[in-house]
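Asks: Dropping a prediction and its sequence here:
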Amino acid sequence: MTVMELIRRAALLAPIVLLGACTTTQIHERTLDNGLKIIVQENHRAPVVVSQVWYKVGAIDEPEGLTGISHVLEHLMFKGTKTLKPGEFSRIIAAEGGRENAFTGNDYTAYFQTLEKSRLPVSFRLEADRMQNLVFDESEFQKEAAVVREERRLRTEDNPEALTYEQFNATAYTVHPYRHPIVGWMKDLEAHTLDDMKQWYSNWYAPNNATLVVAGDVRPAEVFSLAEQYFGKLPVRKTARRNIPAEPAQTSARHSTVKAPAKVPYYITGYHVPVLGHGKDEDVYALSVLAGVLDGGNSARLTRELVRGSQVAASAGAGFNGMARGPGMFMLDGTPASGKTVAELESALMQQVERLKQEMVSEDELKRIKAQVLASDIFGRDSVFYQAMRIGMMETIGLDYRTMDDYLDNIKKVTPEKMREVAQKYLVVSNQTTTVLEPQPMNTKSRRKPMPGGGHGRH
């Protein structure tokens, strides 16, 4: 699986790639006096409930020297409270027949459980407890810090494509925190202290910095009553707010190279683009459809023309996530086919980019992409979990979840003229960053693929 495929998986909450919008007609919300926002999505197809707590803190909030701290704290959230022993949270959920996990992203940290609907109070009791009463133990911290360092070794440092993607971000962004990996730089992971963890928890883990999303076979009034019972007594806390530096406009092409043990070379390139909620939403929708033209399945251009057609690429993809707290990136990547070079692959990909800038996408091709979005919307409604995920993600990055109601209509409004316009506007050399993996002789270390989903989870 290439890094771009991981990016596409991460965009399961974003336009075009996997899920479309789900109707918000059965969504209800309430905010408790302590600032905790509760959003309930009714879905009575099965006696199951998904409960998710989203904190507005992620890698984007981490200053130099503390990268990776959000992810390490995510691990520690399972290591006991004043009333629970380490690991007891997970054992209780398992005993109730449920599943639980957590993940850290650039823009948020989230914790979730899936349970039979009558067991929702168990989830609320446990989450409210660790929102306020987390215990910090030096030995548990050292164990989890070591786990995260090993995760970095296996999933990034011993994975050449992931290492290349990490270098790409460090090159594409000069001041914005997106230049740092979610898992953190190793030097920072080695320097974290237990006091750092305590302060990070105090700074960000509060009801007034969280959103509780519940989806499934529930009644909103009952959920609100339970939330008041378990979360309502938690006090408001002053939370940190970081002044995140704006990334300056890129004015010339950037290039970097990674030399690492690998079997084949790898190429990744990207362009700075806007995201939803920053005044250029029409461009965002057009870029989303543009990504679908290049990489919207086996009939899309990159697979059809570069992999099966000219056979210059063993794999080729494009990705764009238009939902984020920070600036966006429109990306292409690929691995050259046997006997082909990175230069030949790059030339073929850039020809595809130039074609988007010079020619308008045909109506038939545009209809196919829009049909895929509609189909994805239908499939997306089958998943209670991903309905909740999308709501939580949008709320946490600052987008009203009601934006989903207009999503399909805005995709339908995208025209070939608008697509060509955004290609000419953003997909230009002066706005482009490229990173290439140059394979070195293989060593004997084992390799593991990076975790799907674009974030870092506990399991």
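Replies: That came through, no problem.
Asks: separation between residue 250 and residue 335?
Replies: Residue 250 sits 26 Å away from residue 335, going by C-beta to C-beta, to the nearest Å. Placement of C-beta: from N, CA and C, glycine included.
Asks: And those two? Which one has more around it.
Replies: Using other C-beta atoms under 10 Å, the more surrounded residue of residue 250 and residue 335 is residue 335, with 23 against 17.
Asks: what's residue 369 in contact with, if anything?
Replies: Applying C-beta atoms under 8 Å, 6 or more residues apart in numbering to residue 369 gives the contacts 16, 289, 292-293, 296.
Asks: ok but residue 438 is inside a strand, no?
Replies: Yes - under DSSP: H, G, I helix; E, B strand; the rest coil, residue 438 sits within a strand.
Asks: Hmm, residue 267 and it touching each other?
Replies: No - if you go by C-beta atoms under 8 Å, residue 438 and residue 267 don't touch, sitting 10.5 Å apart.
Asks: Out of the two, name the residue with the larger neighbour count.
Replies: Remark: of residue 438 and residue 267, residue 267 carries more neighbours, 21 against 14, as counted by other C-beta under 10 Å.
Asks: Okay, and the more buried one sits in which element?
Replies: Residue 267 belongs to strand 266-273 when elements are defined using DSSP states H and E.
Asks: Now find how far off-centre that strand is within its chain.
Replies: Chain-centre distance of strand 266-273: 17 Å, with C-alpha atoms, centre = their mean, to the nearest Å.
Asks: Buried residues of the helix or strand just after that strand, list them for me.
Replies: Remark: after strand 266-273, the chain's next helix or strand is helix 281-295, criterion DSSP H and E. Residues 281, 283-295 are the ones in helix 281-295 that count as buried (16 or more other C-beta atoms under 10 Å).
Asks: what comes into contact with whichever strand or helix holds residue 353?
Replies: Assigned by DSSP H and E, residue 353 belongs to helix 342-358. Residues from elsewhere that reach helix 342-358, judged by C-beta under 8 Å, 6+ apart: 265, 267, 269, 290, 293-294, 301-302, 305-306, 310, 312-313, 316, 332, 334-336, 419-420, 423-424, 427, 434, 436.
Asks: tell me the angle it makes with helix 281-295.
Replies: Angle, helix 342-358 to helix 281-295, by axes from the mean of the first three to the mean of the last three C-alpha atoms, to 10 degrees: 130 degrees.
Asks: what element comes up after helix 342-358 heading to the C-terminus?
Replies: Counting by DSSP H and E, the next helix or strand C-terminal to helix 342-358 is helix 363-380.
Asks: Give me the angle between the helix or strand following that next one and helix 363-380.
Replies: Downstream of helix 363-380, the next assigned helix or strand under DSSP H and E is helix 384-397. On the basis of the same axes, to 10 degrees, helix 384-397 is oriented at 110 degrees to helix 363-380.
Asks: Using PDB, write down the CA coordinates of helix 384-397.
Replies: In PDB, the C-alpha atoms belonging to helix 384-397 read as follows (Å, rounded to 0.1, in the frame of the first residue of the first chain):
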ATOM      1  CA  VAL A 384     -22.900   4.300  11.900                       C
ATOM      2  CA  PHE A 385     -19.300   4.500  12.900                       C
ATOM      3  CA  TYR A 386     -18.200   6.700  10.000                       C
ATOM      4  CA  GLN A 387     -21.300   8.900  10.300                       C
ATOM      5  CA  ALA A 388     -20.100   9.700  13.800                       C
ATOM      6  CA  MET A 389     -16.500  10.100  12.600                       C
ATOM      7  CA  ARG A 390     -17.400  12.600  10.000                       C
ATOM      8  CA  ILE A 391     -19.500  14.700  12.400                       C
ATOM      9  CA  GLY A 392     -16.800  14.600  15.100                       C
ATOM     10  CA  MET A 393     -14.000  15.500  12.600                       C
ATOM     11  CA  MET A 394     -15.900  18.400  11.100                       C
ATOM     12  CA  GLU A 395     -16.900  19.900  14.400                       C
ATOM     13  CA  THR A 396     -13.400  19.600  15.800                       C
ATOM     14  CA  ILE A 397     -11.700  21.300  12.800                       C
END
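Asks: that older thread, closest to residue 415 among the buried residues of helix 281-295?
Replies: Nearest to residue 415 among these is residue 286, at 8.2 Å by C-beta to C-beta.
Asks: Contacts only, for that closest one.
Replies: 414, 418-419, 421-422.
Asks: Give me the PyMOL select line for those, limited to the buried ones.
Replies: Buried residues within the contacts of residue 286, by 16+ other C-beta under 10 Å, are selected in PyMOL with:
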select buried, resi 414+418+419+421+422
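Asks: Secondary structure element holding the residue lying farthest from the centre of the chain?
Replies: Within the chain, the residue lying farthest from the chain centre (C-alpha atoms, centre = their mean) is residue 339, at 34.6 Å. Under the criterion DSSP H and E, no helix or strand holds residue 339.
Asks: Report the angle between the strand holding residue 267 and helix 281-295.
Replies: Relative orientation of strand 266-273 versus helix 281-295 (the same axes, to 10 degrees): 160 degrees.
Asks: other SSEs contacting strand 266-273?
Replies: The helices and strands touching strand 266-273, judged by 3 or more C-beta pairs under 8 Å, 6 or more residues apart in numbering; DSSP states H and E, are helix 3-10, helix 160-172, helix 281-295, strand 328-336, helix 342-358, helix 416-426, strand 432-440.
Asks: And the following helix or strand past the shortest one, what's buried?
Replies: The element immediately downstream of helix 3-10 (helix or strand, assigned by DSSP H and E) is strand 27-31. Along strand 27-31, these residues count as buried under the neighbour rule (16+ other C-beta under 10 Å): 27-30.
Asks: Make a markdown table out of those and add distance to residue 44 and pLDDT.
Replies: Output for the buried residues of strand 27-31, formatted as a markdown table (distance: C-beta to C-beta, whole Å; pLDDT from 0 to 100):
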| residue | distance to residue 44 | pLDDT |
| --- | --- | --- |
| 27 | 14 | 93 |
| 28 | 14 | 96 |
| 29 | 19 | 96 |
| 30 | 20 | 98 |
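Asks: how about a markdown table for these, with distance to residue 49 added?
Replies: Formatted as a markdown table, those follow (distance: C-beta to C-beta, whole Å):
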| residue | distance to residue 49 |
| --- | --- |
| 27 | 15 |
| 28 | 14 |
| 29 | 17 |
| 30 | 17 |
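Asks: Okay, now the unreliable bits of the stretch 351-459 of the chain?
Replies: 377, 380-381, 443-459 (pLDDT under 70).
Asks: wait, what's in contact with residue 137?
Replies: Taking C-beta under 8 Å, 6+ apart, one finds 79-80, 86 in contact with residue 137.
Asks: Could you verify my assumption that residue 276 touches residue 321?
Replies: No - at 10.0 Å, residue 276 does not count as touching residue 321 under the criterion of C-beta under 8 Å.
Asks: hang on, the earlier thing: now the helix holding residue 353 against strand 328-336, angle please.
Replies: Using the same axes, to 10 degrees: helix 342-358 against strand 328-336 is 140 degrees.
Asks: from the contacts of helix 342-358, which would you call buried?
Replies: Using 16+ other C-beta under 10 Å, the buried ones in those are 265, 267, 269, 290, 293-294, 301-302, 305-306, 312-313, 316, 332, 334-336, 419-420, 423, 427, 434, 436.
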